[in-house]
Structures are given as C-alpha cells and as structure tokens.
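Q: 3D, please:
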Amino acid sequence: MGNVKQKQTTIENGGELNSNIHQFSVECITKTVHPSHYINQFHLKNMIGDNSEVLSNVYFTRLEVSNDGQYILVYENQNKLLILFDKDRQLAQIEWNNNNQLRSLQWSSYFQKFLILSKNHLAKFNCKTYEIEIIPEIKQTDDPDTSISSMTTNDDHLILCHSFGLSLEHWSLSKMKLIRKTENLSKYGDIHEIRLSEPPSSIMAMNVYSRSDSTFVIDFFDIHSVRRTRRLMPPSSTCAIPCLQFLTVLPNSNQWIVQIKEFNEYYLLDSTTGELKELNLNMMGLEDGEFITHIRLFDNGKYWTFIRCLEKQDCFDVELKIVKNE
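A: Numbers count the residues shown, from 1 in each chain. Next up is the predicted model:
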C-alpha cells in the first residue's frame, strides 16, 4: 500500500502514562488527485494584507461537511460570513456578528443540522431554512475561566470543553441533560480541539498542548470513564512545536485525518490503535505559491473538499474546491 518511512512516532500507554513507550515506523500512503477529478470550485475571497494577517484569517476560517454528503458550510473569517454550499452551487450567505467570535463548526447527526459554537452561544444551523437557533439549555459565558472553548458531537453525545480543559461536560442531546462533568483536565495540558470517533466506539481524542513536552500531542480518552488511555507524540522529524490538527473523521471507519500544520503534512490516525500512516496528498496541478489549508472527506468518501490559497502579487486568492476521491 506504500513504502515504509523512517519517521518515528511514539505511543505511551496507561492512564497516567507510566508504562512502556512503543515506537514504530510510519507507513506512507500516496493519494494522487488529478485535475480531471475536480468537479467544482467556488471563489471565496481575495484576501489583502501582509502574510501574517492573511494566514491568521485563513487559520480562523472554518470548513465542515454534513454526514449525508449534501452540505458544505464555510465560515470566512475576514468578512465574517457563513457560506453554505452543496456540490453544485452556493446556497446561502449569512453575515456573522463581528463581536461574536466563531470557535467551532460541527455536523450533528442527531439534529441533522450544523452546530455552531461561538463566544456567545451554542446554536443549530438549519440548512433548509438558513435559520440559526440558539440552544438555551447550554449556557456560554463571557468569563474566560469558564467559557466553552471547543466541542465535539456524534449521535446523542455532545462533549463540551471549558477554558481549554478546566472542565469537560458530557451531554445527552435527546434529553438535553448533563450526564457528567469532569474537572481539571488541564493537568494534561491546554486542550485545543476534541473529536469523538464514530459509534459504537467510545473513544475521544484531544489535541493538547503539553507544557511539559513543549509540543502538541494527541491524548485518547474513554468518554464514559473519562480515563486517558494513551498519548500520541508527533513524529520526531517535525519542528520543535508542531500543531496536530484534526481535519476529518473518515466515514465508516475509526480513522481521522490529522495535519501537522507547520509542514502541511497529513496522516491517517487510527483511533483504536493510535497508529499513524502518512498520507501523501499529491494534488496535481497546484501552482507555485498554492497551498491547502482545510480538507474534508464527505458523501461516504466519494469526494474531497478543501480550501486552497494562492499567493499573488497583491493578495491571496482563496477558493473552495471539490474533487472526486478516485
């Protein structure tokens, strides 16, 4: 399936991670996307400004897809716009309150709607009516010590992380009831992003900045016991402080696509074993100065959708592209 690389990654096992450390080589899988696979593209924005400002706006842009493969939702940070697409066209464009920082987009299989986490509230976005409905049972606060910083959801489960790990709440969406609250997960580090695996698995992964290691790692937890089962360190050939970012959960599998942003490297992460496989996304036809920032797999793995930036003389051209997964 691919050649074996000499990059090393580290898995540490056990609740407090005091047991053996296992290292293994990372297998490389090459996936080539030809220009003929492109089925649609949508211009989002010509971003003007210095490189750091533009890259910051691109970083805070959000991309999410529905599990049924019908909808693609983009939050364009520079103009503060929610833009809804299907594979063929743009469906809606909604202005977002500039004072209400958008923090996360997630598709809810239970509600069949997008969930939007912002500085002020958690809300549902209806793809048919384009209405945004605040969820009143879940309170967001202005207090940075208690506000919800990230979320993840699958089926009836909703997990909310407060203040980068000060506490973690597990909610039932069918009952709109808090099931469990766990305090002081920040002892593991600053939690930046959380992801639930597909049912019936009870695994949750967290993108954590480990202060002791001065690097981003991935911690695995059981959502029922909230016990940490292992920690995944990044491949040792990367830079001093790599940022591991979850991009998408592959349909009908226990795998995530993970990106090391500083190097634009992609990996397949098995949520059951914690093993990594390097994913060489060979995007044929990319121009000089063109790079990929966000990527999702949708419609049962039939299509890739991604945001790409092209550095021009006076601006960055930003587009949403959709390609066949062949």
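
Q: quick one: contacts for S149?
A: Contact analysis of S149 by CB atoms under 8 Å, 6 or more residues apart in numbering lists R103, C161, H162, S163, F164, I191, H192. Glycine gets a C-beta too; all of them are placed from N, C-alpha and C.

Q: ok, and what's touching stretch 161-168?
A: So stretch 161-168 is contacted by 144-151, 159-160, 169, 181-192, 194, 206, 208, 226 (CB under 8 Å, 6+ apart).

Q: any of those buried? List them.
A: Buried members of the contacts of stretch 161-168, counted by 16 or more other CB atoms under 10 Å: 147-151, 159-160, 169, 185-186, 188-189, 191-192, 194, 206, 208.

Q: distance between the ends of stretch 92-110?
A: 23 Å (CA to CA, to the nearest Å).

Q: run the chain-centre distance for it.
A: Relative to the centre of its chain, stretch 92-110 is centred 14 Å away, using CA atoms, centre = their mean, to the nearest Å.

Q: buried set for it?
A: For stretch 92-110, by 16+ other CB under 10 Å, it's W96, L102, R103, S104, L105, Q106, W107, S108, S109.

Q: closest one of the residues you listed to N325?
A: W107 (18.3 Å; CB to CB).

Q: show me where pLDDT drops low in the stretch 201-326 of the chain?
A: Within the stretch 201-326 of the chain, the stretches with pLDDT under 70 are 234-253, 261-264, 282-287, 289, 312-315.

Q: could you redo the last one with a cut-off of 90?
A: 201-220, 223-225, 228-326 (pLDDT under 90).

Q: which stretches of it form strands?
A: 203-210, 215-222, 227-233, 244-249, 255-260, 265-270, 276-283, 290-298, 303-311, 316-324 (DSSP state E, counting those that start in this stretch).

Q: tabulate those strands (a markdown table), appending distance to Q140.
A: Putting these into a markdown table (distance: least, CB to CB, whole Å) gives the following:
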| stretch | distance to Q140 |
| --- | --- |
| strand 203-210 | 20 |
| strand 215-222 | 23 |
| strand 227-233 | 26 |
| strand 244-249 | 22 |
| strand 255-260 | 26 |
| strand 265-270 | 30 |
| strand 276-283 | 34 |
| strand 290-298 | 24 |
| strand 303-311 | 27 |
| strand 316-324 | 28 |
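
Q: quick one, which of those is nearest to I39?
A: If we rank the strands of the stretch 201-326 of the chain by CB to CB, the stretch that ends up nearest is strand 316-324, at 5.4 Å.

Q: closest one of the buried residues of stretch 92-110 to I83?
A: W96 (10.1 Å).
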